[in-house]
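Student: Pasting a predicted model and its sequence here:
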Amino acid sequence: MAVAIGPVPAISHDAMLVFLVQIGVLLIVATALGRLAARLNLPAVVGELAAGILVGPSLLGTVAPTVSERLLPRDAEQMHLLGAVAQLGVLLLVGITGAHIDLGLLRRRRVAIAWVSVGSVLLPLALGIGLGFLLPASVMGGNGHRPVFALFIGVAVAVSALPVIAKTLLDMKLMHRNVGQVIIGAAAVSDILGWLLLSIVSATATVGFRAGVVAESVGYLLLVLAATVFLARPLVGRVMRTVQRSANGSDLGIAAVVVLLVLAAAGTHALKMEPMLGAFLCGTLIGSLGAESRRFLELARPFVMGVLAPLFLATAGLQVDLTALQRPAVLGAALITLLVAVGAKLAGGYLGARMGRLAHDEALAIGAGLNARGVVEIVLASVGLNIGVLNSASYTIVVLVAVVTSVMAPPILRRTVGRMAQTSGELEREREYAAQPVAS
């Protein structure tokens, strides 16, 4: 029997006004602080995230609570409007991140990358899980069963941020160096494993950590990976070839890649996994099809990086409450987590590189480069908060790790690589990079 559905009530005048003002204010502050960070040779993500921290409870909510209440009313539906736009931004951002992965590079440098990946992922993951069991219960979210919380902390410690690392290497003109290629390859593996593990955490957060749930999550992951290789790859390839033959290719191409990313995200979300995993895998597929397909993502990139990504980062910053660090237990947990995150990734990357028979300076540079967690860590933190594994205190801790490690990585990398002489092969590759523009 058909059910008559009446007209959907329009959004109220006041709600729309608040929504528009929120977007305007956050974009103004995020853009200004992002440019300021770039002038200070810091990742733009630091300034864009700081925009939300300044407008949120850490500063504006403390200094001018009335203004903060008008701009960020405690109304779930109102904040969901802003969150929906931010969610679209993060899906497209993750898709663009996936397109950075060079599958050919992973194959060519597979031995060194394999050792670096094992060291830089497994050691931090193990130490992070151990840390998760030791952190006080006061930093656990409402749905945070201790094993699930510990696994989430392990994932947060283990990941690297491919977009931040790629941009850092490009800005420092290190993409042509052997060490730069190993860093990018290991960061790609770290990202892939991070999204896969996050899906397991998300699936187990609602029902607890049980062998059956983990087995089901792993089964879904294998299904998604198989579907990506055998079904999605030829389908995406056919769509992109059709778009490339179109007379209005650019406009249609941008629409096509956005639709593919969103539908891929919907597919993994339907399987009760993170939508970001689908967007990431789809972005990797699009990037692997060649320069023509990547071009459509690059055409969408300015709007994503200039509008949607800063809006997402500013929205993520709204959840940070630095006043929580006034509590000794939270401050202690933050310092210990930061120490473990930096030390584990540096040691893991260094040991993996040495096992791969790389030199001491190369190993140090790899450990330093992989320490940057940036956007990926912030996305993980947002997911952890949304599914209830983290609370505001632990969310603040994880975001601080993302910011501090992203700031630390470039100067250490610059210092270590500066001591390494270029090989003839690297000089040849540098000439190739200079002759062909490289997307950042």
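Tutor: Perfect, I can see it now.

Student: Near the nearest residue to Ile336 once chain neighbours are set aside, how many other residues are there?
Tutor: Distances taken as CB to CB, 6 or more residues apart in numbering place Leu131 nearest to Ile336, at 7.0 Å, with adjacent residues excluded. For every residue, glycine as well, the C-beta is placed using N, CA and C. As a burial measure, the neighbour count of Leu131 was computed by other CB atoms under 10 Å and equals 22.

Student: For the helix or strand in which Leu131 is found, name the packing helices and strands.
Tutor: Per DSSP states H and E: Leu131 is located in helix 110-134. Packing partners of helix 110-134 (3 or more CB pairs under 8 Å, 6 or more residues apart in numbering; DSSP states H and E): helix 146-158, helix 178-205, helix 328-355, helix 360-369.

Student: quick revisit: ok, the residue nearest to Ile336 - contacts?
Tutor: By CB atoms under 8 Å, 6 or more residues apart in numbering, the residues touching Leu131 are Ala150, Ile153, Gly154, Val157, Ile336, Thr337, Val340.

Student: Export those residues to CSV and append columns for neighbour count, pLDDT and distance to Pro73.
Tutor: As requested, the contacts of Leu131 are arranged in CSV below (neighbours: other CB atoms under 10 Å; pLDDT from 0 to 100; distance: CB to CB, whole Å):
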residue, neighbour count, pLDDT, distance to Pro73
Ala150, 22, 92, 35
Ile153, 33, 94, 32
Gly154, 23, 93, 36
Val157, 31, 92, 35
Ile336, 14, 95, 36
Thr337, 23, 95, 32
Val340, 19, 95, 38
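
Student: okay if I get those as JSON lines plus distance to Val239?
Tutor: Putting those into JSON lines (distance: CB to CB, whole Å) gives the following:
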{"residue": "Ala150", "distance to Val239": "41"}
{"residue": "Ile153", "distance to Val239": "39"}
{"residue": "Gly154", "distance to Val239": "37"}
{"residue": "Val157", "distance to Val239": "38"}
{"residue": "Ile336", "distance to Val239": "48"}
{"residue": "Thr337", "distance to Val239": "43"}
{"residue": "Val340", "distance to Val239": "44"}
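
Student: Give the rounded mean pLDDT of stretch 255-267.
Tutor: Averaged over stretch 255-267, pLDDT sits at 93.

Student: In that stretch, which residues are buried?
Tutor: When neighbours are counted by 16 or more other CB atoms under 10 Å, the buried residues of stretch 255-267 are found to be Ala256, Val257, Val258, Leu260, Leu261, Val262, Ala264, Ala265, Gly267.

Student: follow-up on the earlier one: for the helix holding Leu131, what is the average pLDDT?
Tutor: Averaging pLDDT along helix 110-134 gives 91.

Student: what does stretch 351-366 contact?
Tutor: For stretch 351-366, the external contacting residues (CB under 8 Å, 6+ apart) are 111-120, 123, 178-179, 182-183, 186, 349-350, 367, 412-413, 416-417, 419-420.

Student: Buried subset of these, written for PyMOL?
Tutor: The command below creates a PyMOL selection of those among those that count as buried (16+ other CB under 10 Å):
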select buried, resi 112+113+114+115+116+117+118+119+120+123+178+179+182+183+186+349+350+367+412+413+416+417+420
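
Student: element containing the residue nearest the centre of the chain?
Tutor: For the chain, the residue lying nearest the average C-alpha position, counting by CA atoms, centre = their mean, turns out to be Val376 (1.8 Å). Taking DSSP H and E as the criterion, the element that holds Val376 is helix 374-386.

Student: what distance separates stretch 360-378 from the centre of its chain?
Tutor: 14 Å (CA atoms, centre = their mean, to the nearest Å).

Student: Need the distance between the two termini of it.
Tutor: One end of stretch 360-378 to the other measures 31 Å (CA to CA, to the nearest Å).

Student: Likewise for stretch 54-69?
Tutor: Its start and end residues considered, stretch 54-69 measures 14 Å (CA to CA).

Student: Show the contacting residues for Phe312.
Tutor: In this structure, Phe312 makes contact with Ala86, Gln87, Gly89, Val90, Leu93, judged by CB under 8 Å, 6+ apart.

Student: can we see that at 7 Å?
Tutor: Each residue near Phe312 by CB atoms under 7 Å, 6 or more residues apart in numbering is listed here: Ala86, Gly89, Val90, Leu93.

Student: Relative to Leu82, how far out is it?
Tutor: For Phe312, the distance to Leu82 (CB to CB, to the nearest Å) stands at 10 Å.

Student: Kindly report the same for Phe149.
Tutor: Relative to Leu82, Phe149 is positioned 27 Å away (criterion: CB to CB).

Student: for Leu135, same thing?
Tutor: Relative to Leu82, Leu135 is positioned 30 Å away (criterion: CB to CB).

Student: Equivalent analysis for Ile129, please.
Tutor: Here the criterion is CB to CB. By it, Ile129 lies 33 Å from Leu82.

Student: got it, and Ala99?
Tutor: From Ala99 to Leu82 the distance is 27 Å (CB to CB).

Student: More neighbours: which of these two?
Tutor: For Ala99 against Leu82, the residue with the higher neighbour count under other CB under 10 Å is Ala99, and the figures read 25 against 20.

Student: from memory the more buried one sits against Leu285, does it?
Tutor: No - in this structure Ala99 lies outside contact range of Leu285 using CB atoms under 7 Å: 8.9 Å.

Student: and Leu370, what does it touch?
Tutor: Per CB under 7 Å, 6+ apart, neighbours of Leu370: Ser120, Ser160, Ile183, Ala186, Ala187, Ser190, Lys345, Gly349.

Student: what does Val398 give?
Tutor: By CB under 7 Å, 6+ apart, the residues touching Val398 are Ala156, Glu377, Ala381, Gly384, Leu390.

Student: Buried residues of stretch 399-412, list them for me.
Tutor: Residues 399-410, 412 are the ones in stretch 399-412 that count as buried (16+ other CB under 10 Å).

Student: what does it contact?
Tutor: In this structure, residues lying in contact with stretch 399-412 by CB under 7 Å, 6+ apart are 41-43, 45-46, 49, 161, 164, 168, 172, 320, 334, 337-338, 341-342, 368-369, 371-374, 377-378, 381.

Student: Same question for stretch 10-28.
Tutor: With contact meaning CB under 7 Å, 6+ apart, stretch 10-28 is reached by 51-52, 55, 71, 73, 78, 81-82, 307, 310-311, 314-315.

Student: quick one: least confident of the residues you listed?
Tutor: For the contacts of stretch 10-28, the least confident position by pLDDT is Gln78, scoring 82.

Student: That one is in what secondary structure piece?
Tutor: Assessed by DSSP H and E, Gln78 sits inside helix 76-99.

Student: Flag every buried residue along that helix.
Tutor: Under the neighbour-count criterion of 16+ other CB under 10 Å, helix 76-99 has 78-79, 81-83, 85-99 buried.
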